[in-house]
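Novice: here's my sequence, what's the structure:
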Amino acid sequence: MTGESDVSERDGPVSSPVLPTVSIILPVLNEEAQLERCLRAVAEQSYPSIIEVVVADGGSTDGTDQWYPSSQRCVSSTTRGGSALPA
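Specialist: Now for the predicted structure:
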């Protein structure tokens, strides 16, 4: 060794770390009263790598679904008529 750094040119310059992408998954059931506030709070986050918000609606009957179609960052995953888990 010549006393030089072990960092070679192939390592490239040191830069700020790349933030991991994040999916936010909201399991909901009859959350009409809270979902709008929750979605607004998610939209106001400063984390730059939120790539999607998934609203997993378990079959709400209270109008919960009126809040997620209007948001372009939400994907509806509705399971109506029972649990997706085996009995």
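Novice: so where is this structure shaky, pLDDT-wise?
Specialist: For the chain, residues meeting the criterion pLDDT under 70 lie at 1-16, 69-87.
Novice: go again using 80 as the cut-off
Specialist: When the per-residue scores of the chain are filtered using pLDDT under 80, the ranges that remain are 1-17, 67-87.
Novice: all helices of it, in order?
Specialist: For the chain, the helices identified by DSSP state H occupy 32-43, in order along the chain.
Novice: which residues in it form strands?
Specialist: Counting by DSSP state E, the chain forms strands over residues 22-28, 50-57, 74-76, given from the N-terminal end onward.
Novice: surely Glu60 and Asn30 touch.
Specialist: Actually, residue 60 is Ser rather than Glu. Yes. The pair formed by Ser60 and Asn30 meets the contact definition of CB atoms under 8 Å, at 4.8 Å. C-beta coordinates here come from the backbone N, C-alpha and C atoms, glycine included.
Novice: those two: who's more crowded?
Specialist: For Ser60 versus Asn30, neighbours defined as other CB atoms under 10 Å are more numerous around Ser60 (19 against 15).
Novice: tell me the contacts of the more buried one?
Specialist: The neighbourhood of Ser60, defined by CB atoms under 8 Å, 6 or more residues apart in numbering, consists of 28-32.
Novice: do you know how far it is from Val18?
Specialist: In this structure, Ser60 and Val18 are separated by 37 Å, where distance is defined by CB to CB, to the nearest Å.
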